[in-house]
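Participant: Test case, fold it:
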Amino acid sequence: MTRKSRLRTLTSLVIIGACVYAISGAVTLLRYSSTNNVANDAAGVSALASYANVFPVGHLARQRLAQWASQGGSPAQMIEPFSSLLSLTPADGAAWLALAQAEASAGMPADQVVRALAMSSVTAPSESRVMTGRAVFTLQIWNSAPAEARSVFVSDLLWDFANFSKEQIAYIRAAVANLPADARKRIAADFRAAGRRGDRPLRELNLPASEATP
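Facilitator: Residues are numbered from 1 along each chain as shown. Just a heads-up that it's a prediction; the model follows:
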């Protein structure tokens, strides 16, 4: 075989490989599209989760899963799809938070809920959309939240308070007002210890600006 023939053969193989790759991607897109169209229940969403880490549709699958979760089936229906998603994308802090919320709503054991909540803070310690949701949710499970989760709650408020909506702040204000006195004192003390960064949360949540304030 001459050099020219070898070059032609190599070029042909490259073209054939590119075509196979393109066809494979097109088939994946078609299969994903078919699955996406029926992802309206737990079984369909579970099938969709299998595409969460598949090129070139992984990001589309993750977005669709998040959309489904926000629109929500029952909490119990959300647990398995998010567990499947997290087995593929374990660093997704938003998915960990969604799993914790689903488990809490479904009445799962508190330690299981807290583990998922803790993973959200490990994987998304400073992601705004996760911090706001995590703070609100932590208040909802305050009685079963360990000291570490309560500390993360204070940190999320301190570092992301500007991104909380008026409705979220109003909810947090009301929820904090219903906490035991010692819990409110502890939160206020943590805010005061943060200096100027803690001024707005103290003011907006009607917490004392000084220890002597009743």
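Participant: make it CA atoms for all contacts and neighbour counts henceforth
Facilitator: Noted.
Participant: buried set for the strand or helix carrying Ser84?
Facilitator: Under the criterion of DSSP states H and E, Ser84 resides in helix 75-88. Buried residues in helix 75-88, counted by 16 or more other CA atoms under 10 Å: 75-86, 88.
Participant: With respect to Val176, which of these is nearest?
Facilitator: Using CA to CA, Pro75 is the member of these that lies nearest Val176, at 25.3 Å.
Participant: Can you name the next helix or strand after the helix holding Ser84?
Facilitator: helix 93-105.
Participant: Run through the protein and note the low-pLDDT ranges.
Facilitator: 1-46, 48-53, 55-60, 62-75, 212-214 (pLDDT under 70).
Participant: just to revisit the earlier point, output the buried residues of helix 75-88 in TSV, with distance to Pro125 appended to each entry.
Facilitator: Formatted as TSV, the buried residues of helix 75-88 follow (distance: CA to CA, whole Å):
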residue	distance to Pro125
Pro75	24
Ala76	26
Gln77	27
Met78	23
Ile79	22
Glu80	24
Pro81	23
Phe82	19
Ser83	20
Ser84	22
Leu85	20
Leu86	17
Leu88	20
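Participant: quick one: which of those is nearest Val54?
Facilitator: Val54 has its nearest neighbour among the buried residues of helix 75-88 in Leu88, at 9.7 Å by CA to CA.
Participant: State the distance from that closest one to Ala162.
Facilitator: Distance from Leu88 to Ala162, counting by CA to CA, to the nearest Å: 32 Å.
Participant: picking that back up, show the secondary-structure elements that the helix holding Ser84 is packed against.
Facilitator: helix 42-49, helix 93-105 (3 or more CA pairs under 8 Å, 6 or more residues apart in numbering; DSSP states H and E).
Participant: What about the closest residue to Ala116 other than its chain neighbours, how many residues nearby?
Facilitator: Leaving out its chain neighbours, the residue that sits closest to Ala116 by CA to CA, 6 or more residues apart in numbering is Ala100, at 5.0 Å. For Ala100, the count of nearby residues is 27 (other CA atoms under 10 Å).
Participant: quick one: Ala193 from Ala209, how far?
Facilitator: According to CA to CA, Ala193 and Ala209 sit 11 Å apart.
Participant: more neighbours, those two?
Facilitator: More crowded of Ala193 and Ala209, by other CA under 10 Å: Ala209, with 18 against 12.
Participant: how far away is the residue lying closest to that one once chain neighbours are set aside from Ala106?
Facilitator: Distance criterion CA to CA, 6+ apart; nearest residue to Ala209, sequence neighbours excluded, is Leu202 at 6.3 Å. Separation of Leu202 from Ala106 (CA to CA): 33 Å.
Participant: With Ala162 instead?
Facilitator: In terms of CA to CA, Ala162 sits 31 Å off from Ala106.
Participant: now Ala147
Facilitator: With distances taken as CA to CA, Ala147 is found 23 Å from Ala106.
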